[in-house]
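Asker: quick one: sequence plus predicted model below, questions after.
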Amino acid sequence: MNSISADRPALTLDNVVKRFGSTTAVNGLSLSVSSGEVFCLLGPNGAGKSTTIEMSEGFIHPTSGSIDVLGHNPGTEPDKVREKVGIMLQGGGSYSGIHVLEMLELSARYSAHPLSPHWLLETLGLEGVARTSYRRLSGGQQQRLSLALAIIGKPELVFLDEPTAGMDAQSRLAVWDLIRALRSDGVTIVVTTHLMDEAESLADRVAIMDHGQLVAHGTPAELTTQTESAGLSFSTDIDVDIEALAAAGISATKSRPLHYRLTEAGTPETIAALTTELARQGVLLRYLDAAHRNLEEVFLDLTGRHLRS
């Protein structure tokens, strides 16, 4: 399936800058995606990740810097890039009145050695809607069809934009299994997602962007085991009074509803003080982790906890 050398990166960005008028969306970004890996690009709204992907796909051109996709410049050789690349679009990329199977069969005709449309229907749980028009599909079904259209031509590199958005738990697992199968077949996969558990589960490597720049990169294990940010994580059955914790000498922050993190080391004394104070508040401790931060906590530490427009 893949003609690119395993030693050569499938995607390289070198000091890439993209400006829209006075706004700098991407500011000196350099990164490399190895052939055959799952690479997750993360960032809050407005971080520049969508612009980065669109430049890599050849839809927009960088202001400066260089991009190499499978040995080609997407800005000057977009047709050569798209012959080898699959793109999953958030908007769906399908005609509203066409049936699911018809769309897959039509897309297959543009490839020399396509995947079987019927196999994709079965794998992604779309057999029951094969004769249903696109506009009558649920949001999750539209997402699964978009994924099928992105990979039906057996691309060497696939860009997946929020691949499991709007899907139920069963559909998410099916998509994760398919992504892992593609990786096993040597396909390079670049994923943008807001689901941190998805990135942590699937990615060989992760890059986190903020304000147009790369702020962290590495394997999920590397990013979640940095000792300088270690602390206790815990979850509860009801909200915790953070001020009362502080009065008891325990410094904690709320990472998401009913989930908290202590900024101090996980000593036996700290754990004892925490459980004592939670008991005094009538709060049940459901989960305690003294050894591992999850990717969401790393992401929030790096990009902040305030809302982005």
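Answerer: On my side now, so go ahead.

Asker: and for Arg280, the neighbour number?
Answerer: Counted with other C-beta atoms under 10 Å, the neighbours of Arg280 add up to 11. Every C-beta, even on glycine, is put in place using the N, C-alpha and C of the backbone.

Asker: which ones are touching the nearest residue in space to Pro257 that is not next to it in sequence?
Answerer: Using C-beta to C-beta, 6 or more residues apart in numbering and skipping the chain neighbours, the partner closest in space to Pro257 is Asp239 (8.0 Å). Applying C-beta atoms under 8 Å, 6 or more residues apart in numbering, we find Asp239 in contact with 257-258, 283.

Asker: any idea how far stretch 235-253 is from the middle of the chain?
Answerer: Averaging C-alpha positions (C-alpha atoms, centre = their mean, to the nearest Å) puts stretch 235-253 31 Å from its chain's average.

Asker: what comes up buried for it?
Answerer: Buried residues in stretch 235-253, counted by 16 or more other C-beta atoms under 10 Å: 235-236, 240, 245, 250, 252.

Asker: now compare those residues and name the two farthest from each other.
Answerer: Farthest pair in the buried residues of stretch 235-253 (C-beta to C-beta) is Ser235 and Ile250. Separation: 15.5 Å.

Asker: before we move on, back to that, buried subset of the contacts of Asp239?
Answerer: Among the contacts of Asp239, those scoring as buried are 258, 283 (criterion: 16+ other C-beta under 10 Å).

Asker: filter the buried residues of stretch 235-253 down to the ones in helices?
Answerer: Of those, the ones assigned to helices by DSSP state H are Leu245.

Asker: which of the buried residues of stretch 235-253 sits closest to Gly186?
Answerer: Among those, Ser235 lies closest to Gly186 (C-beta to C-beta), at 38.9 Å.

Asker: tell me which element the closest residue in space to the closest one that isn't next to it in sequence falls in.
Answerer: Leaving aside its chain neighbours, Ser235 sits nearest to Tyr287 (4.3 Å; criterion: C-beta to C-beta, 6+ apart). Tyr287 is part of strand 285-289 when elements are defined by DSSP states H and E.

Asker: ok, then the element right after the top helix by length along the chain?
Answerer: The longest helix of the chain (DSSP H) is helix 169-184. Counting by DSSP H and E, the element after helix 169-184 in chain order, helix or strand, is strand 188-192.

Asker: rewinding a little: switch the buried residues of stretch 235-253 over to JSON lines; also include distance to Ile179 and pLDDT.
Answerer: Listed next are the buried residues of stretch 235-253 as JSON lines, based on distance: C-beta to C-beta, whole Å; pLDDT from 0 to 100:
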{"residue": "Ser235", "distance to Ile179": "28", "pLDDT": "94"}
{"residue": "Thr236", "distance to Ile179": "33", "pLDDT": "96"}
{"residue": "Val240", "distance to Ile179": "36", "pLDDT": "96"}
{"residue": "Leu245", "distance to Ile179": "40", "pLDDT": "94"}
{"residue": "Ile250", "distance to Ile179": "40", "pLDDT": "91"}
{"residue": "Ala252", "distance to Ile179": "35", "pLDDT": "90"}
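
Asker: want to throw the buried residues of stretch 235-253 into CSV with distance to Arg135?
Answerer: Listed next are the buried residues of stretch 235-253 as CSV, based on distance: C-beta to C-beta, whole Å:
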residue, distance to Arg135
Ser235, 41
Thr236, 44
Val240, 46
Leu245, 51
Ile250, 53
Ala252, 48
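
Asker: please save the CA atoms from stretch 76-85 in PDB.
Answerer: Written as PDB, here are the backbone C-alpha positions of stretch 76-85 (Å, rounded to 0.1, in the frame of the first residue of the first chain):
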ATOM      1  CA  THR A  76       2.800  23.500  -5.500                       C
ATOM      2  CA  GLU A  77       1.900  19.900  -6.000                       C
ATOM      3  CA  PRO A  78      -1.600  19.500  -4.600                       C
ATOM      4  CA  ASP A  79      -2.700  16.900  -7.100                       C
ATOM      5  CA  LYS A  80       0.200  14.600  -6.300                       C
ATOM      6  CA  VAL A  81      -0.400  14.900  -2.600                       C
ATOM      7  CA  ARG A  82      -4.100  14.200  -2.900                       C
ATOM      8  CA  GLU A  83      -3.400  11.000  -4.900                       C
ATOM      9  CA  LYS A  84      -1.700   9.600  -1.800                       C
ATOM     10  CA  VAL A  85      -3.800  11.200   1.000                       C
END
